[in-house]
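# all I have is the shape, not the residue letters:
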């Protein structure tokens, strides 16, 4: 395998930078079974700062051929995805007496989980070992609160830029984060479009309500494609090497909130959102997250919700393989640390913001958390990679399972029922109001 020259190496994942696009498209193609050595060889012979030459090579990668030994079957399009599923999950009615409370707990859990993971959202830097070492130095391992701040910060440790508003004693309302922005946006879109939501509607709302530079990876690539005049049906696959990364998975929860106990309806609607920007495992990730959340409303433990959610994922895909792997480890009685080591070994070749590896960590957090909200979120966050996104999705599901009475007040009270947002018109939203609006959709059904 021919390696790209050093000039292409980076850590920004910026689709507006041709060198990032080429490096990341090569990685995406190789992860999905394509031979791209000939393009890489030519890339190493051109000036990496020659924008036109590099973009030409990016586009040429679209003609690469998949090797014959590719072992997965990863359909695209909702009809083909549906046809690949042996059986759709059953529909079960949630308890009407607890539904409103569980939706409120889901929103609180998502927002809190996001903030807990935010200070260490640097997956290449904050490894599980670094997180554990820091927490042990702070006398806070295992994590049971927001991250504490050591003053002075020990050598070799550095939080990301959001630490002043997401660490213990410094939380005063929720920080702004895309994991929260997209949940609010989903609620807005469901109120506006209901069951008729389509990718073109999602495109319109993104460009109308979200600033470009507050989007990342696949979403930024798609946003740039839309503003360049490409049709919504084209934007997911044009110069978007992030099309199987976690960006869609973080957008799925609210579709589960409005279809409690109906995982397939939740997943089907999530497909309309995901398919604007993602393909294959990127799309499956959002469908899976929506189904996982939906199933949690009618489950008594996390294992039931995970098993139900797996029914919406094509069984011969890499995402299904990863989720089954984690389930087997839990059934075999491995410790969380043993499972974490195996997950990191099996899926560590993916970007720290890929769908497959982070979904595995969410499942592990929920299973080994065993119904304890804070333990579930802590396991997901201490596992590293995309800590705020995994904390948010895990917190959403664990919040549903726990209800508001099972949420620890030292985590919830500092949020002050308020979240910042980059979405136009939604900054400083009240979390309880978002929950009330969501409950109205779940109770009366989407139009």
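Sure, I can see it. The structure presented is a predicted model; accordingly, all values stated were derived computationally and were not measured.
# and residue 337, which of the three is it?
helix (DSSP: H, G, I helix; E, B strand; the rest coil).
# per-residue pLDDT, it?
Note on residue 337: pLDDT of 98.
# grab the nearest non-local neighbour of residue 376.
Nearest residue to residue 376 in three dimensions, chain neighbours excluded: residue 369, at 2.7 Å (Cβ to Cβ, 6 or more residues apart in numbering). C-betas here are computed from N, CA, C, even on glycine.
# isn't the one you found right up against residue 377?
Yes: assessed by Cβ atoms under 8 Å, residue 369 is found in contact with residue 377 at 7.5 Å.
# between the two, who's got more neighbours?
Counted by other Cβ atoms under 10 Å, residue 369 and residue 377 do not tie: residue 377 has more neighbours, with 33 against 22.
# quick check, that one in a strand?
No: assessed with three-state DSSP, residue 377 is helix; it does not lie in a strand.
# how much space separates it from residue 32?
As judged by Cβ to Cβ, to the nearest Å, residue 377 and residue 32 stand 31 Å apart.
# what score does the nearest residue to residue 389 once chain neighbours are set aside have for pLDDT?
Closest residue to residue 389 apart from its sequence neighbours, by Cβ to Cβ, 6+ apart: residue 250 at 4.8 Å. What the model reports for residue 250 is a pLDDT of 98.
# now for residue 250: which residues touch it?
The contact partners of residue 250, taken as Cβ atoms under 8 Å, 6 or more residues apart in numbering, are 178, 179, 182, 289, 389, 392, 393.
# now, of those residues, which are buried?
Among these, those scoring as buried are 178, 179, 182, 289, 389, 392, 393 (criterion: 16 or more other Cβ atoms under 10 Å).
# between those residues, which is nearest residue 104?
Comparing the buried ones among the contacts of residue 250 against residue 104 with Cβ to Cβ places residue 392 closest, at 15.8 Å.
# could you look up the SS state of the closest one?
Once three-state DSSP is applied, residue 392 turns out helix.
# residue 38 now?
Three-state assignment for residue 38 (three-state DSSP): helix.
# how many neighbours does it have?
With neighbours defined by other Cβ under 10 Å, the count for residue 38 comes to 11.
# so the residue nearest to residue 389: helix, strand or coil?
Going by three-state DSSP: residue 250 is helix.
# follow-up on the earlier one: from the buried ones among the contacts of residue 250, which two are the most distant?
178 and 289 (14.6 Å).
# and residue 362, how far from residue 113?
10 Å.
# can you check residue 379 too?
Residue 379 is 11 Å from residue 113, where distance means Cβ to Cβ.
# between the two, which has more neighbouring residues?
Neighbour totals were compared for residue 379 and residue 113, and residue 113 leads with 33 against 28 (other Cβ under 10 Å).
# pretty sure the more buried one is in a helix, no?
Yes: using three-state DSSP, the assignment for residue 113 is a helix.
# picking up where we left off before, make JSON lines from the contacts of residue 250 and add distance to residue 106 and pLDDT to it.
Output for the contacts of residue 250, formatted as JSON lines (distance: Cβ to Cβ, whole Å; pLDDT from 0 to 100):
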{"residue": "178", "distance to residue 106": "18", "pLDDT": "98"}
{"residue": "179", "distance to residue 106": "13", "pLDDT": "98"}
{"residue": "182", "distance to residue 106": "15", "pLDDT": "98"}
{"residue": "289", "distance to residue 106": "12", "pLDDT": "99"}
{"residue": "389", "distance to residue 106": "16", "pLDDT": "98"}
{"residue": "392", "distance to residue 106": "11", "pLDDT": "98"}
{"residue": "393", "distance to residue 106": "11", "pLDDT": "98"}
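# of these, which is the nearest to residue 38?
In terms of Cβ to Cβ, no member of the contacts of residue 250 lies closer to residue 38 than residue 389, at 35.3 Å.
# what's the overlap in contacts for residue 379 and residue 113?
residue 394.
# which neighbours do residue 362 and residue 113 share?
Common contacts of residue 362 and residue 113 (Cβ under 8 Å, 6+ apart): 380, 390, 393, 394.
# and the closest residue to the last one other than its chain neighbours, how far from residue 117?
Of all residues not flanking residue 394 in the chain, residue 380 sits nearest, at 4.1 Å (Cβ to Cβ, 6+ apart). With the distance defined as Cβ to Cβ, residue 380 ends up 7 Å from residue 117.
# what touches both of the two?
Common contacts of residue 380 and residue 117, defined by Cβ under 8 Å, 6+ apart, comprise 387, 390, 391.
# could you dump those residues to TSV with pLDDT and neighbour count?
Shown next, in TSV, are the shared contacts of residue 380 and residue 117 (pLDDT from 0 to 100; neighbours: other Cβ atoms under 10 Å):
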residue	pLDDT	neighbour count
387	98	29
390	98	33
391	98	34
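# direction included, what does the helix or strand of the chain with the lowest mean pLDDT pair against?
Ranked by mean pLDDT, DSSP states H and E, the helix or strand of the chain with the weakest confidence is strand 65-66, at a mean of 92. Here strand 65-66 is paired, per DSSP bridges, with strand 34-35 (antiparallel).
# quick one: contacts of the partner strand?
Applying Cβ under 8 Å, 6+ apart, the contact partners of strand 34-35 are 61, 64, 65, 66, 67.
# my read: the second one touches residue 30, true?
Going back to what we said before, that points to residue 64. No: assessed by Cβ under 8 Å, residue 64 is found out of contact with residue 30, at 9.4 Å.
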